[in-house]
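S.K.: what's the 3D shape of this:
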Amino acid sequence: MHAAVLRGTARRSNMPDSEQASGKTGSCSDSTSRIGWFASYVDQVHLKIVLVILMRGDTMAVRGPMVAGIAGRIYHQLQEEEYFTDQNAGADIVTLPATPSQ
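M.R.: Below is the predicted model:
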């Protein structure tokens, strides 16, 4: 999974501290829709994050590498907010609710 982030389909995630980040992309489709997903984790000494994104649509843009790019934007925002610092060690676990499909 680490190799996928460094030079594979997950490289769009461009995660901070890539020495400790790993992820995997995936895609599937049927005759009417496509699903792209990306699962990743950052495993640091005091901070562990798991991020999973699932995207569904009917265009060729919906695929794993595109979803990895969304994860990259989330990781970069966390880095800008200094989330990956020692002061956040032991922070509460937060689970975000799924967005209902329309």
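
S.K.: could you look up the SS state of the residue nearest in space to the middle of the chain?
M.R.: In the chain, the residue lying closest to the centroid (Cα atoms, centre = their mean) is Ala71, at 3.5 Å. The three-state label given to Ala71 by DSSP: H, G, I helix; E, B strand; the rest coil is helix.

S.K.: so what pLDDT did it get?
M.R.: pLDDT for Ala71: 88.

S.K.: check contacts around the closest residue to it other than its chain neighbours.
M.R.: Nearest non-adjacent residue to Ala71, counting by Cβ to Cβ, 6 or more residues apart in numbering: Ser13, 4.7 Å away. For the C-beta atoms, the positions are set from N, CA and C on the backbone; glycine is no exception. Residues in contact with Ser13 (Cβ atoms under 8 Å, 6 or more residues apart in numbering) are Val5, Ala21, Gly23, Phe38, Ser40, Ala68, Gly69, Ala71, Gly72, Tyr75.

S.K.: and those residues, which two are the farthest apart?
M.R.: Using Cβ to Cβ, the pair of the contacts of Ser13 lying farthest apart is Ala21 and Gly69, separated by 14.5 Å.

S.K.: coming back round to it: is it true that the residue nearest to the centre of the chain touches Ile53?
M.R.: Yes. Judged on Cβ atoms under 8 Å, Ala71 makes contact with Ile53 at a distance of 5.6 Å.

S.K.: list the residues that contact both of those two?
M.R.: Common neighbours of Ala71 and Ile53, counting by Cβ under 8 Å, 6+ apart, are Phe38.

S.K.: many thanks, I have nothing further to ask.
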